[in-house]
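What follows is a predicted structure for the sequence shown.
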Amino acid sequence: MDKILEALIGSSHPLHVKRAIVKKVVEAAEKAVNEEQCQALYQLTARLILLGEDSFQRQVGYQVLEAYARFHRAEFEQFFSRDFILSLLQNGYGHVDRKDLIIIDYIHSCLRLLISCPSVLEIFSILRVEVLRIVCERPEPQLCARLGTMLSDFMQCIPKDKSGVLFCQQLVRTIGYFHCSASQENELREYVSQVTKVSTLLQNIWKAEPPTLLPSLQEVFAIISSTDPSFEPSIALASLVQHIPLQMITVLIRSLTTDQNVKDASMTRALCRMIDWLSWPLAQHVETWVIALLKGLAAVKKFTILIDVTLLKIELVFNRLWYPIVRQGALTVLSHMLLSFQHSPEAFHLVVPHIVHLVQSLKGDGLPNSKAFLVQFTELILCMMYQFSGFPDLYESILEAIKELPKPSEEKIKLILNQSAWTSQSNSLASGLLRLTGKSETGKTGLINLGNTCYMNSIIQTLFMATDFRQSVLSLNLNGSYTFMKRLQLLFAFLAHTQRAAYAPRNFFEASRPPWFTPGTQQDCSEYLRFLLDRLDEEEKTIRAFKLEKTNSNPGADGSCSDTNGVVQDVPGMDCPSAEPPAEKGDKEKTLIERMFGGKLSTSIRCMECNSISQKLEPFTDLLLAFRPLGKTQQPEVSCSPSAPENEHSSGSSGRTSWSDKPIIPVQAAEPVGGNNGSTASVSSALQKQLVTNYNTFEPEKQDGGLPPSVPDLINYFLEPEILDEDNKYYCEKCASLQSAVKTMNVVDDPEYLILTLLRFSYDAKSHVRRKILDNVAIPHYLQLPIHRTAKSTASSVSGSSSSSLLKVDSPESEENLAKKLKPSGKQIEEEEVEVEDEVEEMTMGAQSVTYVLSSVVMHSGMSSESGHYYSYGRNVTSSHSCLPPSLCCQAGEIQDSTCHLNSNGTVSSSSATASSTCSSVAKQDPDVGQPARDWFLFNDSRVTFTSFQSVQNVTSSFPKDTAYVLFYKKQDLRKGVNGSTVNGVKVNAEPLLQKELMDAITKDNKLYLQEQELNARTRALQAASTSCSFRPNGFDDNDPPGSCGPTGGGGGGGGFNTISRLVF
């Protein structure tokens, strides 16, 4: 019968004829058949199944085998023997290889037919050994899936006890070798199905034999933590995660993170590969295990691993958000990674460039879950921008993209951030290493944050952008000295000439940090600035005094240079610059800080009873501008004593006491610029105002309508007369009693750089909390400051009097006006009593408007001076800046005695000789008109970008916590022309040549930087070849204290399964 059947199947008869005859043969199985005939038929079915040329032959083989094995079981047991099975699994069958899938399918079918036979027990024992051998040979996914299907049906074939543990471990390792080279979707689906079958087998084994679970998981960790560059485990291991009981998370993670045998490099590899598992479709709980491991590492303070992994994988996790099938799990991990990475904006800024594109895609993809997902994603982004505020150039486009989406409350944001922070981060956070990259397109050098040192970085960049000060510092001949000025000069030289994208000012920070500043904590940048300037000033005075004493003891000593008055200009370590711009008479006796930042303030107190005047002059380096308290208006009018001079004038509506022949004009709407068509009388009247009018922003009487105050408004409030009465009366020595008085302050000596500090931090006596004033302040591009020059101040500038040392002022003032006093800046106070009734008029030479142009703005982002972040805007401005407004571009001969104004028709008219005695901004115009493109820079620690003046003006409107704090204005000398002075055809404002010692230091560091770049390139090449992570060098001090301005740098991304992007359908 077997020969007839074999001949029939191989014949050319029609298929229906063949099927009919096969049916007869199958039905004949019920009849008695001798043993020889049965064995022949079993041999034929084996050939048809294993060697069949088509599916019909294999189908016939299975039909005949099943029929005859059912009715002739003893003969089948004899055929399907131990030796036959071993031969199939070890040698194959004919030309069929032993690893062919049909071998496993054939054995699987035979086991179904033999399950009730006693001999099956022996076969099970053989198969236990053989399946372990097969798994150890690392079969392909298809074969392993068929084997898994067979073992799932016949669990008796699975090895037991120790062999069972070994089998599970080897099966896990086999999955680690699964790699897919398919590109078609159906092939990918088949691959996922095969992996699922194998993982399901492991799940069944773990349930049946719990002791095999832990060794299997240990094998998983051993695979994914491998540092072998020749082996990259398959992402298919992710399919096992969903089968691990969630109740084991705590025990397993604690075991892993506290095991001293697990090296940091291995843990980093393992965590990176687990994050890659997020790309595996249909896998469940992967994000749960990833987050659990992240939290476990944070609990044992392994922050270096967390930082390395976050910077390396954050972009890959973000990219998974594009695929709906894995989107939710990826967002969960992304949220945890970003929200816990609170010591530095580095990780968040790696994904910032991709946010807008993703938001736009989610808005338009039309998927039902996209809207809810977008709300969650927006909440995450807003939390991160709140945590790392102070980057308006990065965030503006994001805010525009999500402006229509719901936003969480500030309380919810704070709660989310507090719950997500790494534990014990105050002393244990590791900071990211700055990527070794070239300078940004700005050509400017950033400053690396050394751990909450943004207050120093912002001030240093601001001083560096003070062009005249920078050029003066770099021009000093300080070779061989070890002075503090030398350190500043070296820092400026590096900022100007290093090839690094960002420089680490460690030496300067250690030298410049005030003793009361705790290292690693946030500080007040204004306080740091005053300490810095005071120290530089005192150092130069001390060295001068030492040099003067040495010169007096040895008049013939070389190395000194003096002016015609015999005042020594050269000091040890501070030789005369070889090429210094000519200074005005009297400037030679001043220190560099006094020449650049020093001004004088005159404080006069006039008794309202006897009209005697007490006056004192005091130097300043910055003016501290308080905000006008809510509800406070001008003080009520106080009438003068009958003994007042006849020519005294009291303005009936000003509410102030006038005590000179120059009336104090009340705040009122300014005459529109040019609106009088150049009328001399009208312009002269406007120029005599004692209070500032901001022509650019708004009319003063509208200030209570909700519009923000301007910088001139704050200066006016600082300078406006104050009536001392009631509990704050003035003790008049002439009257020998307490009397009501009028206190007036005027700037009598204008500094080259006017530094304005806005007093934003106020103490709330009721709640005992130091609050920040978040009011927006309009910042004018140009400022006209009234300077009331006196005979004494003029004489001082001519005679070179050195009395203008930095002074500390302590004067009795009311609680409300304490904020208006000058901050301490020196040691001496120069006070003169003037009791002659008309002496003020004799000393006053009239107010002159001095034009200042905005140079830099230091911004504070945060809610208190002890926290938050500082960054700065800056631009290069010289004494004769070429971008003056038309109203100031008058002929040089007119500047001294007249003030120019822009008429409505665009022409320039000049007023009478009396200049404005109030501070104001100039006529309306586009601040950037006529300026070079990309004139403004944003300095944010190591990041330097181009920006615009509009960004400076609008930053607080978009980011309420980001407010202007310290402003630098540069005085403009219009008599020097608008295009800069030249000497022998060379611009005076050109950058000076560096001393050889500075050039050598920079050259040495640049060579070191190139070596670092080369080493870094080689390291990256090795890492790319081995798909390894980057690790910090041993002993690297990467602790970063709490705060929002830790070091910033770079990171990486990528890695993982080579077809992962195609796996996500």
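Great, that's in hand. Residues are numbered from 1 along each chain as shown.

and whichever strand or helix holds residue 339, what other elements does it pack with?
Assignment of secondary structure by DSSP states H and E places residue 339 within helix 327-340. For helix 327-340, the packing partners by 3 or more Cβ pairs under 8 Å, 6 or more residues apart in numbering; DSSP states H and E come out as helix 286-299, helix 303-319, helix 346-364, helix 370-387, helix 410-420. Heads up, the C-betas are built off the backbone N, CA and C, glycines and all.

now the angle from it to helix 370-387?
Here the directions of helix 327-340 and helix 370-387 differ by 10 degrees (axes from the mean of the first three to the mean of the last three Cα atoms, to 10 degrees).

How far does helix 327-340 sit from its chain's centre?
Using Cα atoms, centre = their mean, to the nearest Å, the mean C-alpha position of helix 327-340 is found 18 Å from that of the whole chain.

same deal with stretch 715-727?
The gap between the average C-alpha position of stretch 715-727 and the chain average comes to 43 Å, counting by Cα atoms, centre = their mean.

Let me know the average pLDDT across that stretch.
For stretch 715-727, mean pLDDT rounds to 90.

Including mean pLDDT, distance to residue 258 and mean neighbour count, could the helices and strands packed on helix 327-340 go into a markdown table?
Below are the helices and strands packed on helix 327-340 laid out as a markdown table (pLDDT from 0 to 100; distance: least, Cβ to Cβ, whole Å; neighbours: other Cβ atoms under 10 Å):
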| stretch | mean pLDDT | distance to residue 258 | mean neighbour count |
| --- | --- | --- | --- |
| helix 286-299 | 88 | 9 | 21 |
| helix 303-319 | 91 | 14 | 23 |
| helix 346-364 | 92 | 26 | 18 |
| helix 370-387 | 90 | 30 | 19 |
| helix 410-420 | 83 | 23 | 13 |
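
Which one of the ones you listed lies nearest to residue 1006?
Closest approach to residue 1006 among the helices and strands packed on helix 327-340 (Cβ to Cβ): helix 346-364, 24.9 Å.

export the closest one as PDB, just CAs?
Output of helix 346-364 as PDB, limited to C-alpha atoms (Å, rounded to 0.1, in the frame of the first residue of the first chain):
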ATOM      1  CA  GLU A 346      21.200  71.000  30.100                       C
ATOM      2  CA  ALA A 347      18.900  68.000  29.600                       C
ATOM      3  CA  PHE A 348      15.800  70.100  28.900                       C
ATOM      4  CA  HIS A 349      17.700  72.200  26.400                       C
ATOM      5  CA  LEU A 350      18.600  69.100  24.400                       C
ATOM      6  CA  VAL A 351      15.000  68.600  23.500                       C
ATOM      7  CA  VAL A 352      13.900  72.300  23.300                       C
ATOM      8  CA  PRO A 353      14.600  72.600  19.600                       C
ATOM      9  CA  HIS A 354      12.200  69.700  18.800                       C
ATOM     10  CA  ILE A 355       9.200  70.800  20.900                       C
ATOM     11  CA  VAL A 356       7.500  73.200  18.600                       C
ATOM     12  CA  HIS A 357       7.600  70.700  15.700                       C
ATOM     13  CA  LEU A 358       6.100  68.000  17.800                       C
ATOM     14  CA  VAL A 359       3.300  70.300  19.200                       C
ATOM     15  CA  GLN A 360       2.400  71.300  15.600                       C
ATOM     16  CA  SER A 361       2.300  67.700  14.500                       C
ATOM     17  CA  LEU A 362       0.100  66.600  17.500                       C
ATOM     18  CA  LYS A 363      -2.300  69.400  16.800                       C
ATOM     19  CA  GLY A 364      -2.800  68.300  13.200                       C
END
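
did I read that right, residue 848 in a strand?
Yes - following the definition DSSP: H, G, I helix; E, B strand; the rest coil, residue 848 is counted among the residues of a strand.

Pull the number of nearby residues for it.
Neighbour count for residue 848, taken as other Cβ atoms under 10 Å: 21.

Distance-wise, check it relative to residue 621.
From residue 848 over to residue 621 the distance is 21 Å, taken as Cβ to Cβ, to the nearest Å.

hang on, residue 856 in a strand?
Yes - note on residue 856: a strand contains this position according to three-state DSSP.

can you give me the mean pLDDT across the helix or strand where residue 542 lies?
Element membership of residue 542, judged by DSSP H and E, is helix 525-553. Mean pLDDT, taken over the full extent of helix 525-553, equals 89.

How about stretch 1007-1014?
If you average the pLDDT values across stretch 1007-1014, you get 78.

From the contact counts, what lies against the helix holding residue 542?
In terms of contact count using 3+ Cβ pairs under 8 Å, 6+ apart, helix 525-553 is assigned the packing partners helix 454-464, helix 484-497, helix 506-512, helix 592-597, strand 962-971.

If we use 10 Å, what do you get?
For helix 525-553, the helices and strands in contact under the criterion 3 or more Cβ pairs under 10 Å, 6 or more residues apart in numbering; DSSP states H and E are helix 454-464, helix 484-497, helix 506-512, helix 592-597, strand 753-758, strand 844-861, strand 869-874, strand 962-971.

Now do the buried residues in it.
Within helix 525-553, the residues that count as buried by 16 or more other Cβ atoms under 10 Å are 525-541, 543-544, 547-548, 551.

and the helix or strand containing residue 164, which residues are buried?
The secondary structure element spanning residue 164 is helix 161-176 (assigned by DSSP H and E). By neighbour count with 16+ other Cβ under 10 Å, helix 161-176 contains the buried residues 164-176.
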